[in-house]
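In: Sequence and predicted structure, then a few things I'm wondering about:
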Amino acid sequence: MDRSGRHRKRTVLEAFAEFDTSKVPFLSAVADSPCEICSLTVSTGSEGSQAQIYAGTVGGAVVLLALLASLDGAPEARNGAPLDVDGGESVGSGSSATGRVEFVRSASVGGSPVEAMHVLPEVGRLIVLSDGFLFLLDLLLLQPSRKLGFIKGATALSMRLVCTDSASSDPLGDVATKSELLRPGQKFLQKLGGGNRANGARSRVLGVQREGEASCFVSVAAGKRFVLMELILIDGISKDATEYGGISVVLKEIQGVDGVRTMAWLDDSIIVGTVDGYVLISTATGQSTPLFSLPEFSGPPRMRTLCRSKQALILVDNVGVVVNSSGQPVCGSLIFRQIPDSITEILPYVLVSGDGWMDLYRKSTGMCIQSASFPRINGGPCIVASDDWGNQEVVVMTMQFKVICYHIVSAEEQIKDLLRKKYFKEAVLLVEELEFEGEMTKEMLSFVHAQVGFLLLFNLHFEDAVNHFLLSETMQPSEIFPFIMQDPNRWSMLVPRKRYWGLHPPPALLEKVVDEGLSAIQRAAYLRKSGIETAADEDFLLNPPSKVDLLETAIRNIIRYLCICRDKELSPSVQEGVDTLLMYLYRALNLVDDMEQLASSQNSCAVEELEALLEESGHSRTLAFLYASKGMSSKALTIWRRLARNYSTGLWIDHAASQRAAALEATKLLEESSDQDLVLQHLSWIADEDPDLAVRILTSERRSCLFSPEEVLAAIDPREDEIRQRYLQWLIEDQDFDDSHLHTLYALSLAKLAIENIEIDGTNETRRLDDSDNINAGEGNIINPIRERLQIFLHSSDLYDAEKILYLIEGTELWLEKAILFRKLGQENLVLQILALKLEDSEAAEQYCVEIGRPDAFMQLLNLYLEPQNGKQPMFKSAVRLLHKHGECLDPLQVLEKLSPEMPLHLASDTILRMLRARVHHHRQGQIVHRLSRALNLEAQLARLDERTRHVPINDESICDSCHVRLGTKLFAIYPDDSIVCYKCYRRQGESTSARGRDFKQEIIFKPGWLVSRQS
């Protein structure tokens, strides 16, 4: 559509040849304007190489013209009327398709105007309606015309069009058996109207037979009747042998309506137009059905059979209605600008003409596609015609004396014409419509989208251009490369060497495209001021854009296109070009985030093409990400190290955050690297930035192999004790290393940290051992995490060198750690001294004695309580507590000997008394157990004696409970459950399992009297 909202028209028909009948000497010699054309029809050959034009004149002549292709590529006469498109554009005069029209011959059918003509290709005849009569002529007009004398007063003529499969194959029926075979002596009856009637209609047969090589059906309206004819080409009979030149005619008459002006025969129905309206008449029954009524002051009825679409077009004034064989409308109406004089179909278009105008409509949409105007000619109609049955490449129009030939412009040329006029939307709509109707392939649709995209790009409509690029399935991303990088370059050979239709300039850099586009806008504005119309964009003329804005818009839209192309399946070289040039465009707009995202993700960028560019522009982070994505970790780490030491103030303001960010990115690389030398090379500067990151690198689980602990420990700065200690912890706890050297180093590292913390904090926390040998903090004690880890490790590991650790912590206040180490060395007395005297943890000391399990350990602890050294006072309360809880484990005499005279008696009297009573009780309890054991032994002996002396009667009927064999005089055995077996089964089963399956080891039998006195 143009800016006013009207649909822009395109060129579908193009004039290429013309002929003036008034210049034919033979025709111009006849008076009364004999050369004025009043009817027209066209026929093409089987190959479509030559078209025959039949023009009927007002003088009753039929003129045969031949349309020939010009041999020299130029028309014989350049006197054709150009076709005006959209009210001002002339096409056709410069067409590349040219031809010439030649007069062949003419034939006369009388002195009245030729009202209608139809080519009958099946029988090779031309049927003509003139002055109410029908005439048959051969297609080359070599023979005289043959008048069908049985028809008079004919007003309309139509050929039958078979539209559906349900149509009758013989619409006349079997009329030969019900009619007369007219012989030469029977013509008198024909003139009188004699004959038979069939189905209420009078039928007759003219000719000798119905069978022939070919036939066609024609209907004629004459008065109130319709004559249906079948014209049969007789095989083997000379054209002069019969009255109609080798044609046999079969007739059928049906009753019709009066005043028929036009008609169309579709299937088994005839649609007729009268001054009152349109009526549908059945050829089988003769029944008529009204279809439309014409308004009172409407124009004459007009109708046209649409042979290609097998429909009919009915006119009501300037409105055309397409109907089927049943008279039902099948699509929207066609509204013409005036009442047309002539109508023809050029699938998928309908061409109408009037006095000085001609319009082409799309039948499916009702839209006027093309318009033409001509100088008005008084007295003569404007008639259009095409070959309804053959080739439709040629359309003929007549105006009084002139015959103008048009050819249908190919869809490709139509699209080109729209694109040249910058009607891009209309071009795309045309292609989509053709593709929907199956007249164009999807590949062509993609081709046009790409072509439109390039045209829009050079017209500075970058967003629309990229939208069309994306709609094209055949366009390659490499076609955009020349707009980004100057040729020749790395990917020049990938650019397809196709120029499409040559409607746009060769590819150039975007900056050049913008410059040339702005220059074109300036020229158009200057021409507009001079009064010269141009095809420049109105928006650009009213608001000229700036170069910066246009260039940014272009780059952003090309970025959008390349980003979408990245998701497609591309060849490796094209993918490389897409990613590399995408980085170029990001850099041009300084889109740092997009650059880093592309570089850090999986990409196909050519590093060598981007190194210098990114380095010079200061985008070192992007270059580092790019190196990392390509596996060039060493170069990437070098950049991150440089950035961490000296960040550019142009990109980052927060130096601390930027330095840590660089260290973090380096850490990500080193965590995955299995190159030990590379990792250790960059470990120191990362440790300076953040020790936690260094630990992450050393303890990473993402690498495929472990580094040598000795080399790693040697590379760690001696001042970085925390890093060393955490690395050792990871090796021992997570990697289960059992190297005693590593265990010793770890313990020494923890011990050093613990000593430093004690010196800093000045605290002396205490710990104690619990029942499960774990260290738990007592209530109110302050827990030092380092000491806790040290104590847990010393207690759980047996691989470290305890003496080295003792040597380190000697002279410190790490008493609990010393106790654990002395315990590992088996020095029990020192452990008890630390627990009891240094830590004063009685519970831990007593628990340790329990673990030792010897009474002398308790005596040793009691001695420490009673006789502490280094001027420390005796710990009588702890000694009393020990006697109270574990006195039964001590010898009272030794305890009494050890008691100090200075110990207050009232503190120990109750405990000693209780200990003595417990000792006596223990002695007596032992005596009771001893006597009970003797009694139980005696009871068992007596029971055994009773069992062995028990009498069991055995007779001849006794059998073995296992094998069921009679015992007789055999040896046998008796089990405690009274089961009897033979000696053989006893040897097999053993003593513990009886024949009844009872296992005496698992199921012991208790009998009364075993565990009680006999007297009870």
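Out: Yep, it's here. Fair warning: this is a prediction, and the values are worked out from it, not measured in the lab.
In: Now do the helix or strand containing Y746, average pLDDT.
Out: Assigned by DSSP states H and E, Y746 falls within helix 740-761. Mean pLDDT, helix 740-761: 86.
In: tally of neighbours for L139?
Out: 16 (other C-beta atoms under 10 Å). In this view, the C-beta of every residue, glycine as well, is placed from N, C-alpha and C.
In: That one reaches V119, doesn't it?
Out: Yes - in terms of C-beta atoms under 8 Å, L139 counts as a neighbour of V119; the distance is 7.1 Å.
In: mind listing the helices in the stretch 701-850 of the chain by residue range?
Out: Under the criterion DSSP state H, counting those that start in this stretch, the stretch 701-850 of the chain carries helices at the ranges 709-715, 721-729, 740-761, 785-796, 802-809, 815-825, 828-833, 842-852.
In: The helix holding Y746 to helix 802-809, inter-axis angle?
Out: 20 degrees (axes from the mean of the first three to the mean of the last three C-alpha atoms, to 10 degrees).
In: Buried residues, helix 740-761. List them.
Out: 742-755, 757-758 (16 or more other C-beta atoms under 10 Å).
In: what separates the host helix or strand of L610 from the chain centre, distance-wise?
Out: With elements taken from DSSP H and E, the one containing L610 is helix 607-616. From the chain centre to the centre of helix 607-616 is a distance of 34 Å (C-alpha atoms, centre = their mean, to the nearest Å).
In: Give me the mean pLDDT for it.
Out: The average pLDDT for helix 607-616 rounds to 92.
In: Which other helices and strands does that helix contact?
Out: Where contact means 3 or more C-beta pairs under 8 Å, 6 or more residues apart in numbering; DSSP states H and E, helix 607-616 is packed against helix 572-588, helix 620-629.
In: any idea how this structure splits into domains?
Out: 13-70+97-164+212-409, 411-589, 952-1015 (the TED database).
In: Turn those into CSV, including mean pLDDT.
Out: Output for the domains of the chain, formatted as CSV (pLDDT from 0 to 100):
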stretch, mean pLDDT
domain 13-70+97-164+212-409, 85
domain 411-589, 90
domain 952-1015, 79
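In: Please produce CSV containing these, extended by distance to I732.
Out: Formatted as CSV, the domains of the chain follow (distance: least, C-beta to C-beta, whole Å):
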stretch, distance to I732
domain 13-70+97-164+212-409, 84
domain 411-589, 46
domain 952-1015, 48
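In: Can you tell me which of the helices of the stretch 701-850 of the chain is packed in deepest?
Out: Stretch with highest mean neighbour count among those: helix 815-825 (a mean of 22; mean count of other C-beta atoms under 10 Å).
In: Keeping just the C-alphas, turn it into CSV.
Out: Only the C-alpha atoms of helix 815-825 are listed here, as CSV (Å, rounded to 0.1, in the frame of the first residue of the first chain):
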residue,chain,number,x,y,z
TRP,A,815,49.1,-29.7,78.5
LEU,A,816,46.2,-31.7,77.0
GLU,A,817,48.1,-32.1,73.8
LYS,A,818,51.1,-33.2,75.7
ALA,A,819,49.0,-35.8,77.6
ILE,A,820,47.7,-37.2,74.3
LEU,A,821,51.3,-37.4,73.0
PHE,A,822,52.6,-39.1,76.2
ARG,A,823,49.7,-41.5,76.0
LYS,A,824,50.8,-42.4,72.4
LEU,A,825,54.3,-43.0,73.7
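In: and it, how far out from the chain's middle?
Out: Helix 815-825 sits 69 Å away from the centroid of its parent chain (C-alpha atoms, centre = their mean).
In: Check what contacts that helix and list those residues.
Out: Contact partners of helix 815-825, identified using C-beta atoms under 8 Å, 6 or more residues apart in numbering, comprise 751, 754, 766-768, 775, 787, 790-791, 794-795, 798, 802-803, 805-806, 809, 830-831, 834-835, 838-839, 848.
In: can we see that at 7 Å?
Out: Helix 815-825 is contacted by residues 766-767, 790-791, 794-795, 802, 805-806, 809, 830-831, 834-835, 838-839 when judged by C-beta atoms under 7 Å, 6 or more residues apart in numbering.
In: any idea which element M159 lies in?
Out: strand 154-161.
In: which helices and strands does that strand pack with?
Out: Other helices and strands packing on strand 154-161, by 3 or more C-beta pairs under 7 Å, 6 or more residues apart in numbering; DSSP states H and E, are strand 114-120, strand 125-130, strand 214-222, strand 262-266.
In: So what are the sheet partners of the second one and their directions?
Out: Partner strands and pairing direction for strand 125-130 (DSSP bridges) are strand 114-120 (antiparallel), strand 133-138 (antiparallel).
In: between that strand and strand 214-222, what angle do the directions make?
Out: 10 degrees.
In: tilt between strand 125-130 and strand 154-161?
Out: Here strand 125-130 runs at an angle of 150 degrees relative to strand 154-161 (the same axes, to 10 degrees).
In: How far off centre is strand 125-130?
Out: Distance, centroid of strand 125-130 to centroid of chain: 63 Å (C-alpha atoms, centre = their mean).
In: and what of the third one?
Out: In terms of C-alpha atoms, centre = their mean, the centre of strand 214-222 is found 59 Å from the chain centre.
In: by contact count, what packs against it?
Out: Using 3+ C-beta pairs under 7 Å, 6+ apart: strand 214-222 touches strand 154-161, strand 225-233, strand 262-266.
In: Give me the angle between the shortest one and strand 154-161.
Out: Pointing back at strand 262-266 there. 20 degrees.
In: Same question for the longest one.
Out: Here strand 225-233 runs at an angle of 50 degrees relative to strand 154-161 (the same axes, to 10 degrees).
In: which element follows strand 225-233 toward the C-terminus?
Out: Moving toward the C-terminus from strand 225-233, the next helix or strand (DSSP H and E) is strand 247-255.
In: could you dump that following strand to PDB, C-alpha only?
Out: In PDB, the C-alpha atoms belonging to strand 247-255 read as follows (Å, rounded to 0.1, in the frame of the first residue of the first chain):
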ATOM      1  CA  ILE A 247     -19.300 -32.400 -39.200                       C
ATOM      2  CA  SER A 248     -22.300 -34.300 -38.000                       C
ATOM      3  CA  VAL A 249     -24.700 -32.400 -35.800                       C
ATOM      4  CA  VAL A 250     -27.000 -34.000 -33.100                       C
ATOM      5  CA  LEU A 251     -29.700 -31.700 -31.700                       C
ATOM      6  CA  LYS A 252     -31.800 -31.500 -28.700                       C
ATOM      7  CA  GLU A 253     -34.300 -28.800 -28.000                       C
ATOM      8  CA  ILE A 254     -35.500 -27.700 -24.600                       C
ATOM      9  CA  GLN A 255     -38.000 -25.100 -23.600                       C
END
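In: So what's the gap between the strand holding M159 and the chain middle?
Out: Relative to its parent chain, strand 154-161 has a centroid offset of 58 Å by C-alpha atoms, centre = their mean.
In: which other residues reach it?
Out: With C-beta under 7 Å, 6+ apart as the test, strand 154-161 has contacts from 116, 118, 127, 129, 132-134, 171, 216-222, 260-266, 305, 307, 310.
In: Please name the nearest non-neighbouring residue to V574.
Out: Spatially, and ignoring its direct neighbours in sequence, V574 is nearest to S478 (5.3 Å; C-beta to C-beta, 6 or more residues apart in numbering).
In: Run a quick neighbour tally on the one you found.
Out: Applying other C-beta under 10 Å, we find 21 residues neighbouring S478.
In: what does Q602 give?
Out: Q602: 7 neighbours (other C-beta under 10 Å).
In: quick revisit: the contacts of strand 154-161, buried ones only, as a PyMOL selection?
Out: A single PyMOL command is used to select the members of the contacts of strand 154-161 judged buried by 16+ other C-beta under 10 Å:
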select buried, resi 116+118+127+129+133+134+171+216+217+218+219+220+221+222+260+262+263+264+265+266+305+307
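In: hey, where'd the strands end up in the stretch 451-600 of the chain?
Out: Counting by DSSP state E, counting those that start in this stretch, the stretch 451-600 of the chain forms no strands at all.
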